[in-house]
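1. Generate a structure from the sequence data that follows.
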Amino acid sequence: MPVIVGPTAGGKSSLATSLVATLGSRGVDAELISADAIQIYRSLDIGSAKPTPDEQRQVSHHLIDVVEPESSYSVHQWLEAANRAIEGVRTRGRVPIVVGGTHLYVKALLYGLFEGPGADEGLREELRAIEPGLRREELERVDPEAAARIHPNDERRTVRALEVHRLTGRPISVQQSQWDAAPRADAVLVGLLWETEAINQRINARVRAMVERGLVEEARGLW
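-> Numbering: from 1, shown residues only. As a prediction, this is how the structure comes out:
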């Protein structure tokens, strides 16, 4: 199962589509599975560089337009849906090709996810009410490794790390050991690499094209 990753505007979707065509010329059918945390949402079409309706008719895509923009959608939900989609594609005798725009999704697919305690909404409210500087100090004290990788302004991940520590008595960084293991054996990771200047030019060209297609109007409509 190819898993294609790379920077924004790096040509991941084009490579995936070409791979589908190449496999098709050899009598092998394939379907694409999006690993993009924004393409999940309906109406975020231009800004997420979502495949066009015509492109989606030509090649089967999964995990695009799953929920409305105001809905929440977690990496756990995506992983469950992705594994179901992969199994469905294989059941149909086809090859699943994962196209990654969100590296956390890809990492979860390759290595699995930390199965920590369930959400405690009362505790979360208590943690959110703490002054941000004091909340950060607590995280640095109880789990310096997590603090080193969580941005001080990332309230959601900070609260989750503290929630896990308070509920289990152990740092979340110690418990998140699944990424130290070997990745799943049925996947082949394909990474696209670009020089900084070249990818910046591609990103700038993409944004200009998005604006011409109606990016500003799309954003206003969502607002």
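
2. Now do residue 39 against residue 129, distance only.
-> In this view, residue 39 and residue 129 are 34 Å apart by CB to CB, to the nearest Å. The C-beta positions use only the backbone N, C-alpha and C, and glycine is treated the same way.

3. Between the two, point out the one with more neighbours.
-> Using other CB atoms under 10 Å, the more surrounded residue of residue 39 and residue 129 is residue 39, with 23 against 8.

4. for that one, phi and psi?
-> phi -70, psi -10 (degrees, to the nearest 10).

5. Do I have it right that it meets residue 46?
-> No. In this structure residue 39 lies outside contact range of residue 46 using CB atoms under 8 Å: 11.4 Å.

6. Now residue 85: which helix or strand?
-> helix 75-91 (DSSP states H and E).

7. what pLDDT, on average, does that helix get?
-> Across helix 75-91, the average pLDDT comes to 96.

8. Alpha carbons of whatever helix or strand comes next after that helix, as CSV, please.
-> Remark: after helix 75-91, the chain's next helix or strand is strand 95-100, criterion DSSP H and E. Output in CSV follows, covering the C-alpha atoms of strand 95-100 (Å, rounded to 0.1, in the frame of the first residue of the first chain):
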residue,chain,number,x,y,z
VAL,A,95,-5.0,-1.3,-4.3
PRO,A,96,-5.4,1.4,-1.7
ILE,A,97,-3.2,4.5,-2.1
VAL,A,98,-3.0,6.9,0.8
VAL,A,99,-2.3,10.5,0.0
GLY,A,100,-1.1,12.5,3.0
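
9. Check what contacts the helix or strand that strand 95-100 is followed by and list those residues.
-> Heading C-terminal from strand 95-100, the first helix or strand you meet, by DSSP H and E, is helix 103-111. By CB atoms under 8 Å, 6 or more residues apart in numbering, the list of residues contacting helix 103-111 from outside reads 3, 5, 35-37, 75, 78-79, 82-83, 98, 100, 178-179, 181, 183-184, 187, 189.
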